[in-house]
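Undergrad: Mind folding the following:
(2 chains)
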Amino acid sequence: MLKIKNLKANIEGKEILRGINLEIKPGEVHAIMGPNGSGKSTLASVLAGRDIFEVTEGTVEFNGKNILDMSPEDRSCEGIFLAFQYPVEIPGVSITNFIKAAVNSHRKYRGLDPMPPAEFLKLMKEKKALVEIESKLTNRSVNTGFSGGEKKKNEIFQMAMLEPKLAILDETDSGLDIDALRIVANGVNALKTKDNASLVITHYQRLLDYIVPDFVHVLYNGRIVRSGGKGLALELEEKGYDWIKE
Amino acid sequence: MQNKEEIKKLNILSAFNNDFPFLAGSRLKSQAFDFYKNNQFPNLKDEGWRQTNLSSIFNTDYKEQKASGISLKNEFYNIENLQANTLVFINGFYAEEYSIIISKNLIVGSIQNLTKKQKELFNRYFESTGVLSENNFTALNTAFAHDGAFIYVDKNQQITEPVHIVNINSSGESILAQTRNLVVVERNSSVQIIESYLSENIKNTFTNVVTEIIAGENAQINWIRIQKEAENAKQMNHLKVIQNANSNFSCNTITLSGTLVRNNIHVNMNGEGSFCNLYGLYLTGNKQLVDNYTFVNHAVPHCESRQVYKGIIDDEASAVFFGKVLVAKDAQKTNANQSNKNILLSENARINSKPQLEIYADDVTCSHGSTTGQLDKEALFYLQSRGISKEKARGMLLYGFVSEILNKIENENVRNEVDKWVKHILGE
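TA: A predicted model of the protein is given here:
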């Protein structure tokens, strides 16, 4: 599904990713762990198409297509979803209008007409229940004045509405209390099928108690320095990150 | 020898062949004309006009053109689904054939038609705000306005149908259109008034409007101004309001077009317990200049005023927000705030924002703020990352920015109409 080969990326001339290699197949859950500043969030942003990063080398193929030349919106329509570490507040744009525009953009990409309003409302209701979002929340402006938990639930709600093939969860656990963490993780697990995949980026092993990975990779200084099974996460939790730096 | 200022004044005067009949020979007319002769037009050296280059107004030979032989379709000026008393003025002259009065419990019509019938009322209130001596534009209007709306709501009347004052310019000539409006709402009464500006096939127009509003005790006035003239239209608009005790005046100024638009709003809060809300939205592009000047005078205690102006400025356009709140020495417990927020869409777009508080009382709650920025790139990426095209995302963000002002438009039909235009302009 996703093939990253020797990916290198800069921001303002500073190299952050120094040759990433990673392959993700349908049905798999991969976790990327690593100390702060190792390039985890940069990798997530580069995959989603954030233009402040410059890709200098390497390729990223998604279902056989080179996505590096695609706009962020086309990548989304191809099935890549990024759950933001810091979801952006958008005053004046309601969640309902926002997600309606997103859903219909995806449909247009696939040559479909906009979703009929009744069907859309039914879908919203169903997906809101999945992440235990209060009904009122979707009338409010996107993320504006939301608590940390509400923001992250809103990310997973959007993911549920768009049903991506590859979900990239960028530090989705940061700033969450244990109840919100459980709800968010349950939402992610409920959306898992044999055809889709997840890339879970986290600093702590805690999230991986809920979203159990098939593979764990350690990112350090812009490279994946170690890969293994879920046991690797526990080892990191126990020993910290210092030992991989040696 | 004539100096430049004299030439300016004479050029402008050449537009007028007819006297303002109801003022002809009156003391007010000569007072206004004397003021005009003895004073200069505002210029770049005057406080409150430093960013407002008016030269394009003066280097034109204007003609006066009556509204004959112009045919208009209702859809051109009517607001969808709005049942309103409608007064239509074309090139500043009343067009009775397009106007319609549906409410029974108010006096409404053109000043020319009503002065004789309502002479006593008219004389009691006309020029009671002292607007003529604000500057040479208001003096000129007082001396030579063609016509205008006269709206009188007697005490204890709730007017359910709004009054829509439609101003249309339509001429192949360079014209100067002047309307003069007088609105009086007596105690315990309420009314909603929409003032809209449109143009059709114009060459070069300058509209110079003056409106006086008197809000009686506990009166509620909801005012909406929609400026949607052609791109090359120029407008000078003065609104002067007197608020009596416990009155509520709310004004929403929506400027969507025009090459030079200046809105002066001057509110005197003369009665305790009054509320004043001034909202504004301006969307400008090309080489337009939109200038909003407000002056809210808290003369007495226990009044509240709130101003929120938002603008989006593109291309080489510029905008000005100059808002002044004056709190008099005895006006304790005043609550006043001002906010001006702008998005600049191009490197050559400009905003001059100057909210000002001048406070002489010591027990007040006042605040002001101004922010200017570009379109939020992170927010743009966030929307794009959900599959929304960059163009659509941009429109959504800009619309989100201005929606706060649109939501303040009380009348649902007007709000829907303005909403439609704004979405069209922003590509949402």
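
Undergrad: Give the ranges of residues in the chain that sit below the confidence cut-off.
TA: No chain specified, so I'll use chain A. Under the criterion of pLDDT under 70, the regions of chain A flagged as low confidence span A:246.

Undergrad: let's do chain B instead
TA: Residue ranges of chain B with pLDDT under 70: B:1-2, B:15, B:17-22, B:24, B:67-68.

Undergrad: Could you pick out the residues of it near chain A for me?
TA: For chain B, the residues in contact with chain A under the definition Cβ under 8 Å from any Cβ of the partner chain are B:376, B:378-379, B:381-390, B:392-393, B:396-397, B:399-404. C-betas here are computed from N, CA, C, even on glycine.

Undergrad: Run a quick neighbour tally on residue 191.
TA: All of this refers to chain A. 18 (other Cβ atoms under 10 Å in any protein chain shown).

Undergrad: if you could check chain B rather than the one you did, that'd help
TA: Neighbours of B:Val191 under the rule other Cβ under 10 Å: 26.

Undergrad: Surely it forms part of a strand?
TA: Yes - the secondary structure assignment for B:Val191 places it in a strand, going by DSSP: H, G, I helix; E, B strand; the rest coil.

Undergrad: Next up, the contacts around B:Ile100.
TA: B:85-86 (Cβ atoms under 8 Å, 6 or more residues apart in numbering or on different chains).

Undergrad: Got the phi and psi for it?
TA: When read as degrees, to the nearest 10, the backbone of B:Ile100 gives phi -150, psi 130.

Undergrad: Within the helices and strands, which one has B:Arg225?
TA: Under the criterion of DSSP states H and E, B:Arg225 resides in strand B:220-227.

Undergrad: Can you tell me which helices and strands the next helix or strand after that strand packs against?
TA: Scanning the chain past strand B:220-227 towards its C-terminal end, the next helix or strand to appear is strand B:234-243 (assignment: DSSP H and E). Here strand B:234-243 touches helix B:55-58, helix B:136-144, strand B:204-215, strand B:220-227, strand B:248-255, strand B:260-269, going by 3 or more Cβ pairs under 8 Å, 6 or more residues apart in numbering or on different chains; DSSP states H and E.

Undergrad: Just the CA atoms of strand B:234-243, as PDB, please.
TA: Output in PDB follows, covering the C-alpha atoms of strand B:234-243 (Å, rounded to 0.1, in the frame of the first residue of the first chain):
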ATOM      1  CA  LYS B 234     -17.900  56.900  -5.300                       C
ATOM      2  CA  GLN B 235     -19.800  57.500  -2.200                       C
ATOM      3  CA  MET B 236     -19.600  59.800   0.800                       C
ATOM      4  CA  ASN B 237     -22.100  58.700   3.500                       C
ATOM      5  CA  HIS B 238     -22.800  60.500   6.700                       C
ATOM      6  CA  LEU B 239     -25.000  59.100   9.400                       C
ATOM      7  CA  LYS B 240     -25.700  61.100  12.600                       C
ATOM      8  CA  VAL B 241     -27.700  59.600  15.400                       C
ATOM      9  CA  ILE B 242     -29.100  60.900  18.600                       C
ATOM     10  CA  GLN B 243     -30.000  58.300  21.200                       C
END
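
Undergrad: between that strand and strand B:260-269, what angle do the directions make?
TA: On the basis of axes from the mean of the first three to the mean of the last three Cα atoms, to 10 degrees, strand B:234-243 is oriented at 10 degrees to strand B:260-269.

Undergrad: ok so, going back, would you format the helices and strands packed on strand B:234-243 as JSON lines with distance to B:Asn340 and mean neighbour count included?
TA: Compiled in JSON lines, those are given as follows (distance: least, Cβ to Cβ, whole Å; neighbours: other Cβ atoms under 10 Å in any protein chain shown):
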{"stretch": "helix B:55-58", "distance to B:Asn340": "25", "mean neighbour count": "15"}
{"stretch": "helix B:136-144", "distance to B:Asn340": "23", "mean neighbour count": "25"}
{"stretch": "strand B:204-215", "distance to B:Asn340": "23", "mean neighbour count": "25"}
{"stretch": "strand B:220-227", "distance to B:Asn340": "17", "mean neighbour count": "22"}
{"stretch": "strand B:248-255", "distance to B:Asn340": "13", "mean neighbour count": "23"}
{"stretch": "strand B:260-269", "distance to B:Asn340": "14", "mean neighbour count": "24"}
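
Undergrad: Taking chain B, what residue is nearest to chain A?
TA: B:Gly400 (2.9 Å; Cβ to the nearest Cβ).

Undergrad: pretty sure B:Gly280 is in contact with B:Asn252, am I right?
TA: Yes - here B:Gly280 reaches B:Asn252: they are 7.2 Å apart, a contact under Cβ atoms under 8 Å.

Undergrad: Residues that sit against both of those two, list them.
TA: Both B:Gly280 and B:Asn252 are in contact with B:Ile405, where contact means Cβ under 8 Å, 6+ apart.

Undergrad: Now find how far off-centre the longest helix belonging to chain B is within its chain.
TA: Among all segments of chain B classified by DSSP state H, the helix with the greatest residue count is helix B:390-406. The offset between the C-alpha centroid of helix B:390-406 and the centroid of the whole chain comes to 24 Å, using Cα atoms, centre = their mean, to the nearest Å.

Undergrad: domain parsing for chain B?
TA: B:4-271, B:376-428 (automatic domain parsing).

Undergrad: First-to-last residue distance for the last one?
TA: End-to-end distance for domain B:376-428, by Cα to Cα, to the nearest Å: 16 Å.

Undergrad: what does stretch B:368-381 give?
TA: Stretch B:368-381 stretches 31 Å from its first residue to its last (Cα to Cα).

Undergrad: For it, buried residues please.
TA: Along stretch B:368-381, these residues count as buried under the neighbour rule (16 or more other Cβ atoms under 10 Å in any protein chain shown): B:368, B:370, B:372, B:376, B:379-381.

Undergrad: Equivalent analysis for stretch B:73-87, please.
TA: Neighbour counts over stretch B:73-87 (16+ other Cβ under 10 Å) mark B:77-79, B:82, B:84-87 as buried.

Undergrad: and the residue in chain A positioned nearest to chain B, which of the three is it?
TA: Distances between chain A and chain B by Cβ to the nearest Cβ are smallest at A:Gly92, namely 2.9 Å. Remark: A:Gly92 carries the secondary structure label strand [criterion: three-state DSSP].

Undergrad: rewinding a little: what's the closest of the domains of chain B to A:Ile24?
TA: Using Cβ to Cβ as the measure, domain B:376-428 is the one of the domains of chain B that comes nearest A:Ile24, at 18.6 Å.

Undergrad: Out of the helices and strands packed on strand B:234-243, flag the one nearest A:Val218.
TA: Put simply, out of those the one that sits nearest A:Val218 is strand B:248-255, at 56.5 Å, with distance taken as Cβ to Cβ.

Undergrad: tell me the angle of that closest one relative to strand B:234-243?
TA: Computed by the same axes, to 10 degrees, the angle between strand B:248-255 and strand B:234-243 is 170 degrees.

Undergrad: Other residues contacting strand B:248-255?
TA: Here strand B:248-255 makes contact (Cβ under 8 Å, 6+ apart) with B:213, B:215, B:219-227, B:239, B:241, B:243, B:261, B:263, B:265, B:267, B:274-284, B:290, B:292, B:405, B:408-410, B:418.

Undergrad: rerun at 7 Å
TA: Residues outside strand B:248-255 that contact it (Cβ atoms under 7 Å, 6 or more residues apart in numbering or on different chains) are B:215, B:220-227, B:241, B:243, B:261, B:263, B:265, B:267, B:275-282, B:290, B:292, B:408-409, B:418.

Undergrad: follow-up on the earlier one: show me which of the residues of chain B next to chain A are buried.
TA: In these, the ones that pass as buried (16+ other Cβ under 10 Å) are B:376, B:379, B:381-389, B:392-393, B:396-397, B:399-404.

Undergrad: The residue most central in space within chain A in helix, strand or coil?
TA: Nearest to the centroid of the C-alpha atoms of chain A, with distances taken as Cα atoms, centre = their mean, sits A:Ile168, at 2.2 Å. Secondary structure state of A:Ile168, per three-state DSSP, is strand.

Undergrad: pretty sure it is in contact with A:Ala44, am I right?
TA: Yes - checked against Cβ atoms under 7 Å, the pair A:Ile168 and A:Ala44 is within contact range at 5.0 Å.
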